Structure formats: C-alpha cells, structure tokens
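Colleague: Based on what follows, work out the 3D shape:
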Amino acid sequence: MARFRRPCEAAGRWWLAAGGSLLAVGCLSLAISGCKGGLTPESIRGDGGHGVHQHGSIQVNSIPTGAEVWLDNAATGRVTDCLLDSVDSGDHTLALKLVGKFDWATDVRVAAAETLFVNCALLPREVGFCETPGQACDVTVADSLAFVADGLEGLRVIDASDPQSPHQVGFCDTPGYAGGVAVSGGHAFVADWNKGLRIIDVSDPLNPYEVGCCETPTKAERVAVSGGFAFLADGSNGLRVIDVRGPSNPREVGSCDTPGYASGVAVSGILAFVAGRSGLSIIDASNPQSPHEVGFCGTSPGWDVAVSGSLAFVAADSGGLRIIDVGNPQSPYEVGSCETPDIAAGVAVSAGLALVAVLHNGLRVIDVSDPLSPRDAGFCETPGSAFDVAISGNFAFVADDAGGLRVIEVGDLPSLSAAGFCSRTGRVRQVRVRSR
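Modeller: Residues are numbered from 1 along each chain as shown. Alright, predicted model coming up:
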C-alpha cells in the first residue's frame, strides 16, 4: 500500500527526524484564534469543571477542511477547522480523517491555560492502478485517457475516467522500446529508442494503429510536440526536430547538438528545453530548420524537465529537483533545489507544487511556491520504479515500470501548497509526530 508522510513545522522551524519520531523545540508566540462554538469539558476528557487551569485548548485546521477530528482514539463529533476547548492538560493523540486522504495523526502535549495550534494538509493516497505487460516508462493524459509508453510492449491506452478503476482499452506495439510519449491532435508520438519516432493514430482509443515513423540517429528517449513539430531528446545526438504536420510522412527538418546525453525535453513558446547529462540546454526553435542553443545551466544529470512561466524544473538524478530561472534564456541560473531520497526521474508542475517521480521511492510532492526555498511536502510510495508522472485534475498518474500505471489522488493542488505545521502560544516542550 502507498504511504504518504508530511513534515510538521513549529512556528517556522522544521522538525528533525530522530529514530522514527519527529522532535522540535522552540516556538514563536502567536495570537490565539478561535472558531464558533466549543466542546464541553465532559465531551473532551473533562474533569467536571474543577478549575480552568486544569485545561488547555487545541485549534485544529486542515487543508482541505471538513476532516473528522479524533482525540485519544475517540471521535469528538467536530470537523475542521475548529477549536477543541477544555482539553485536559497533558499528552494526547490527535487524529484527522477524511475520505480520499490518508489518516493524519500527531501526539501533542496540551498545557494548562494555553492554546495549541495544529495545522496540516491532508495528503494524497493511491486510489487506483492498472497493470501493464511491459515497463511503464512515461505517461501523458488527455481527455480521461492515459497513454503509457510501456517499454517492449509499445503504447498502452488506459481509460482513466474512473480513477479508482483505470483499465486498458487499446494498445499498439512498436518495433523498439517505447520510452516516451506525447499526444496531440488525435495522435500519440512515441519515442521508441533505437527505432526513432513512431506516430500512432489514437482517434479510436480501442483500435490505435501506427500511421508513420521517422528514424533518428541514436536513441529517442522522450518527446514533446508543439506547433506541428515533434522535438526528440535523442541521446548522444541531442535534439532532433521532426515535421509531423503530415503524420503519415514525418521528416526530420533540424537538429541541435547538446552537451552530454539528451534525456528529456519540454517546449514553451519558441524555446525547447533539453535535460541532459551535463545540465539544461535552452534551444531557440523559432526556426525549426535551424534550432540553436542560446543558454545552458549545469546541473546533476537531467532525466526530465518541466517548464512553468519563467522557471524550469529539472529531475536531476541524484541531485533531486533543480529549479532554474529561465526568464533570460541566454543566462539561466539555478535558484533553488530540493533533495530526493533516490534518483529523480520525472517531473510535472502545477499550482505551486512539483510532483517528482523518484525511482525507488514513488511520488514526491515538493512545495515550490517559493522557488528559492523549495521544501519536501511528503511522498506516496509505489510498488515499482517511478519513472514519470503526469497531472490531470486532482490526480497524479505515475508510470511505475513493473508497477504499471498508478493513480494517486492529490486533491485540490492550489490548497495543498500550504505546508503543515504545529505551533502554540507559550513554550513548546516536546511534540512527537507520526504518520499512519
């Protein structure tokens, strides 16, 4: 089963892991805020009203709201956001439960006459999966269909209209090793390693079939499509530009060498961004017949790249996630980074979050709302090796090698960008946080 954990923050300080528990000391004084209503002493471990100083309170907030609040393994009858008042001073276990999210729990210590603030984002969980016969390497989603580049088993078309029950509806074998896929205008474009680019008509998802192909010099790793052209990251031969306006007769019209081995590619406007062994290359493709590099930023070996606004996000192998300012394409520079526990292989970006496919650690969610200081917001393990991720609506779709396609509910992405934290008025003694 997938597991999702999230760090907890106390008044701006991150928790430090210690032997499986999370500990923190020190706190900043905050104003106390409440909510309408409150619980009687009897409803929350009351003592019959013997002295107000025997009790404290807990302000419980969550993203999204509406989670059931449990205290010491008993339902309080309240939902977030709310104030639990008249809570006995001492140690308690607080838990939140919401359908579609992982249960969240924390051990807290309530002090007499003080309010403890607990704020968290309820994190995603796997809701569905679809096994594939090959090695799921790449995925893209269009119109409730997930298109999976499935290694030696070609292209798989999966109906994901019900994320809890995705199922294959069509497939098309390719002669090579399907490692990358993009979809545009009723066609899927497959980077088929040593067999170059394969173009597959998917207008009938139940019966996809190849309509055209174009050989490339070495190994077509990944592909992006824009304006009638396919842009291939072609290993040691850099970027290849293929005219696909006639899908049955594609032809290479331009190329650009890149430093090192080209592994991933994204296109934004007239610029192509190529992730390679040496870093990120920025290529002016305004004239597809003569693309040329205009900027470069060294990183750890890049597997994949996503672009949002003036920022490029590189899945950089053991270097984790690297964030590059590409506002001036001639002078890109790194502005932030976030380590991952294993090889960062794929990346997708939405609403202030970067979702990173981490080879042997599943899906990582990284808060990039402040690109200068990105921070790990949690993870969801997968059973295979996570090679790539795509976002559609409230769901992340992970190409998980032998694990096939995994569907993970990430909820309201804009809301999830808020980090979880715990804080209190007065002094913090000790808080232990755990994940269920």
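Colleague: Let's see the pLDDT reported for the residue most central in space within the chain.
Modeller: By C-alpha atoms, centre = their mean, the chain has its centre lying nearest to residue 355, at 1.6 Å. On the pLDDT scale, residue 355 is placed at 95.
Colleague: Then the one 4 residues further on?
Modeller: The pLDDT attached to residue 359 in the predicted structure is 96.
Colleague: OK, contacts around it?
Modeller: The contact partners of residue 359, by C-beta atoms under 8 Å, 6 or more residues apart in numbering, come to 342-345, 385-387. Just so you know, the C-beta spots here come from the backbone N, C-alpha and C atoms, and that holds for glycine as well.
Colleague: Stretch 198-216: end-to-end distance?
Modeller: For stretch 198-216, the first-to-last residue distance is 11 Å (C-alpha to C-alpha, to the nearest Å).
Colleague: which parts of that stretch are buried?
Modeller: Judged by neighbour count (16 or more other C-beta atoms under 10 Å), stretch 198-216 contains these buried residues: 198-202, 205, 208, 210, 212-214, 216.
Colleague: do the same with stretch 143-156
Modeller: Quick answer for stretch 143-156 (16+ other C-beta under 10 Å): 145-151, 153-156.
Colleague: Out of these, which sit inside strands?
Modeller: If you go by DSSP state E, the buried residues of stretch 143-156 have 145-149, 155-156 in strands.
Colleague: now, among these, which is nearest to residue 377?
Modeller: Proximity of those to residue 377 (C-beta to C-beta) peaks at residue 146, which lies at 23.9 Å.
Colleague: Just grab the bridge partners of that closest one for me.
Modeller: Note on residue 146: beta-bridge partners by DSSP bridges are residue 141, residue 158.
Colleague: go on, residue 325?
Modeller: For residue 325, the beta-bridge partners under DSSP bridges are residue 311, residue 333.
Colleague: burial of it, as a residue count?
Modeller: The number of residues packed near residue 325 is 18, by other C-beta atoms under 10 Å.
Colleague: distance of it from residue 277?
Modeller: 21 Å (C-beta to C-beta, to the nearest Å).
Colleague: try residue 385
Modeller: Residue 385 sits 20 Å away from residue 277, taking C-beta to C-beta as the criterion.
Colleague: between those two, which one's more packed in?
Modeller: Higher neighbour count among residue 385 and residue 277: residue 385, with 22 against 18, using other C-beta under 10 Å.
Colleague: how about the strands in the stretch 151-300 of the chain?
Modeller: 155-159, 167-172, 180-184, 187-191, 197-201, 209-214, 222-226, 229-233, 239-243, 251-256, 262-268, 271-276, 279-284, 292-298 (DSSP state E, counting those that start in this stretch).
Colleague: what's in contact with the last one?
Modeller: By C-beta under 8 Å, 6+ apart, the list of residues contacting strand 292-298 from outside reads 256, 258-259, 271, 278-284, 324, 326, 328-334.
Colleague: let's see it at 7 Å
Modeller: 256, 258-259, 278-284, 324, 329-334 (C-beta atoms under 7 Å, 6 or more residues apart in numbering).
Colleague: Next, the angle from that strand to strand 251-256.
Modeller: Interaxial angle of strand 292-298 relative to strand 251-256 (axes from the mean of the first three to the mean of the last three C-alpha atoms, to 10 degrees): 50 degrees.
Colleague: quick one: strands adjacent to strand 292-298?
Modeller: Its sheet considered, strand 292-298 pairs with strand 279-284 (antiparallel) by DSSP bridges.
Colleague: what about the residue nearest to residue 89 when sequence neighbours are not counted, neighbour count?
Modeller: Sequence neighbours aside, residue 112 is the residue nearest to residue 89 in space, at 4.4 Å (criterion: C-beta to C-beta, 6 or more residues apart in numbering). Neighbourhood size, residue 112 [other C-beta under 10 Å]: 14.
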